[in-house]
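Trainee: sequence first, predicted coordinates after that:
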Number of protein chains: 2
Amino acid sequence: MSLKDIINNNVTHWISGEGPDNEIVLSSRIRLARNIEDEPYPNQASKEEKQSVSKRVIEAISSQKQLKLHYINLADMPELERDLLVEKHLISPVHAREGYEKGVFLDDNERISVMINEEDHIRIQVLTPGLQLDETWELASELDDLLERKLDFAFSEKWGYLSSCPTNVGTGLRASVMVHLPALSLTNNIGKMLTAVSKLGLTVRGIYGEGSESNGSIYQISNQVTLGHSERDIIDNLNSVSKQIIGQEKQARQYLLQEKESEVIDRIRRSFGILNFAYKISSDEAMKLISNVKLGIDMGIIDNVDKKVLSELMVLTRPAHIQKINGKELSISERDIKRSELIQTRLKM
Amino acid sequence: MSLKDIINNNVTHWISGEGPDNEIVLSSRIRLARNIEDEPYPNQASKEEKQSVSKRVIEAISSQKQLKLHYINLADMPELERDLLVEKHLISPVHAREGYEKGVFLDDNERISVMINEEDHIRIQVLTPGLQLDETWELASELDDLLERKLDFAFSEKWGYLSSCPTNVGTGLRASVMVHLPALSLTNNIGKMLTAVSKLGLTVRGIYGEGSESNGSIYQISNQVTLGHSERDIIDNLNSVSKQIIGQEKQARQYLLQEKESEVIDRIRRSFGILNFAYKISSDEAMKLISNVKLGIDMGIIDNVDKKVLSELMVLTRPAHIQKINGKELSISERDIKRSELIQTRLKM
């Protein structure tokens, strides 16, 4: 699959660089953890028990007509293709690993993904560009209702939805936003901001999940607990915190333009120059450079590049995407060379 | 004067990037120190005595018809214009400073310069592109003969030509080559090479003279003493050392291509990217980046830029040139911004 094919066929809505407040918020995500009553959790289930869960969920989704979803049996999918789904945030890294009866439903523009037999029987995810937690939640909730009409979810009057992991018991809801905060980083205000966010019951991670380093000034902010708060509370809290973060990042950008104009313009333009000309670029460096150039576009310093291109590149430059585009497995140093080729081809397109 | 004017009117032959072995030798220079008998050296002379020297040299040069030379009285020239001549290596920094009866004769393509009342009464200089010490020497010698027919030079049978400074007594000859040795730098062989050169009675300096740091891997190599060696010996020695240095630099470039190909390509292409996109570039950084890109052109890694452009930029990006092109004095930080504008305009031209 060529770069052109990947881009032309790239239906993943969230990396379009669109949506409200897209100069700071890359995406909004809602995830619901659900389990079927009387079936053991995946980590305790036999192959046959998982098969039963899988079958029941597939039937439930197939029998509804409101949402058009396609099923992928992950066992039938090569590892590289599974990794592509991870890089697009459509399945979790753990779901991409070998295992029985793992599957995922996706819709046409990859906003919706429903993982089967991940940590829980069902993980409903809706992922949209920009800050639109309410709309994202509505779609996730609609999907939840559809499934609940067909399946009996494990639910306790006292605790709420039951889950294989205690942190997901209750609403089973994890709401998150992925934010791009380069100006708060550059002005050394990011630490203070992240500490404040933690005190509000929210968790901060890097762009590629729990284990990954925060990268390219991109942070995922999500609620820490799902128990003891209503869905509405969780979403309202994250929405309000997101708006404060947007305000602070905007202020920091304003400050940079007023007080450090030439340094910021220089940093952004150098990053653009390196992206356009380097012979090899590591994954980490690509993220930093893309982050700087995205800031440049958002601040009007770079004006001949579509911001969609930069948002896409954040995903296209990940290892599985590069290997997929080049049609084969590549060593790290081969990838670094192919990564810069890809970036330069894309910037010229 | 605009950049276009400067480039179109730039007659300085040595920065053309031409001449034999121009991928390593930027220029060859011959300089002869001469003094008029019975006139005190400039550092001991009164204004009137200097005036007398100046008058005699001007008459001598004006009365010959073989070489067409134009006289500039440096006292009539604004400081910025004098600094331009320094940056083009046509007068020495000390000659550009305030003083009485300082002057210079230049020919049409600025190969020849004859300084009057510098450290000595007369400093004849011939500066040509590439490695052509013999041709350069012949022209300098011809000019020396022309002058000697009109003027009595201070000369002792025992010591040779007399000079205000003991290091110039003898032949009064300083022969030098300006060499670009990025691969010897990159492979950490430059120190060893420079030590060896010193042991052969040669001196190594940076591109901008005795006080300046070696910059952009460009070195001036010249004979240390003029006494006790014939002109022929001095030139042959420098020629032979230059050829050895060329050989070593070529070997180092070959080694880099074989053993460090992707690192070298990456470094060169990043330098090109930064030159093309940075918002501000210091004088030192410009030299390093230009040096890398020149290496890239000479090694065939960058193929869409004329090497003449890079050679010119080494001089055009110096402070006086930038201020001249912008038509006014500029602070260091203003120059850094104008320097990158100039480089980017020139690379696009």
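Mentor: Received the coordinates, thanks.
Trainee: for the stretch 51-200 of chain A, which segments are assigned as helices?
Mentor: A:79-87, A:93-96, A:133-150, A:182-186, A:190-199 (DSSP state H, counting those that start in this stretch).
Trainee: can I get the second one in CSV, CA atoms only?
Mentor: Which is helix A:93-96. The C-alpha trace of helix A:93-96 is given here as CSV (Å, rounded to 0.1, in the frame of the first residue of the first chain):
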residue,chain,number,x,y,z
PRO,A,93,-1.8,-2.4,22.5
VAL,A,94,-2.9,-5.3,24.7
HIS,A,95,-5.7,-6.1,22.3
ALA,A,96,-3.2,-6.4,19.4
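Trainee: and that helix, which residues are buried?
Mentor: By neighbour count on 16 or more other CB atoms under 10 Å in any protein chain shown, the buried set for helix A:93-96 is A:95-96. For the C-beta atoms, the positions are set from N, CA and C on the backbone; glycine is no exception.
Trainee: packing partners for the longest strand seen in chain A?
Mentor: The residue-count maximum for a strand in chain A (DSSP state E) belongs to strand A:25-34. Here strand A:25-34 touches strand A:122-129, helix A:133-150, strand A:160-161, strand A:173-180, helix A:231-259, going by 3 or more CB pairs under 8 Å, 6 or more residues apart in numbering or on different chains; DSSP states H and E.
Trainee: what do you get if the cut-off is 10 Å, keeping everything else the same?
Mentor: Strand A:25-34 sits against strand A:112-116, strand A:122-129, helix A:133-150, strand A:160-161, strand A:173-180, strand A:218-223, helix A:231-259, helix A:307-316, with contacts defined as 3 or more CB pairs under 10 Å, 6 or more residues apart in numbering or on different chains; DSSP states H and E.
Trainee: ok, A:Gln323 - contacts?
Mentor: A:80, A:83-84, A:329-330, A:334-335, A:338 (CB atoms under 10 Å, 6 or more residues apart in numbering or on different chains).
Trainee: now name the helix or strand holding it.
Mentor: helix A:319-326 (DSSP states H and E).
Trainee: list the residues that contact the nearest residue to A:Asn109 once chain neighbours are set aside.
Mentor: Among residues not flanking A:Asn109 along the chain, A:His13 sits closest, at 4.4 Å (CB to CB, 6 or more residues apart in numbering or on different chains). Going by CB under 10 Å, 6+ apart, A:His13 touches A:19, A:27, A:107-112, A:127-129.
Trainee: need the contact list for whichever residue of the stretch 51-200 of chain A sits closest to chain B.
Mentor: In the stretch 51-200 of chain A, the residue that lies nearest chain B is A:Leu186 (15.2 Å; CB to the nearest CB). Applying CB under 10 Å, 6+ apart, we find A:Leu186 in contact with A:217, A:252-253, A:255-256, A:260, A:263-264, A:267, A:292, A:295.
Trainee: where does the stretch 151-300 of chain A dip in pLDDT?
Mentor: Counting by pLDDT under 70, the stretch 151-300 of chain A has low-confidence residues at A:207-214.
Trainee: what do you get if the cut-off is 50, keeping everything else the same?
Mentor: A:210-212 (pLDDT under 50).
Trainee: for it, what lies in contact range of chain B?
Mentor: A:261-281 (CB under 10 Å from any CB of the partner chain).
Trainee: one step back: contacting chain B as well, which ones from the contacts of A:Gln323?
Mentor: Among the contacts of A:Gln323, chain B is touched by A:Glu334 when using CB under 10 Å from any CB.
Trainee: thanks a lot, see you next time.
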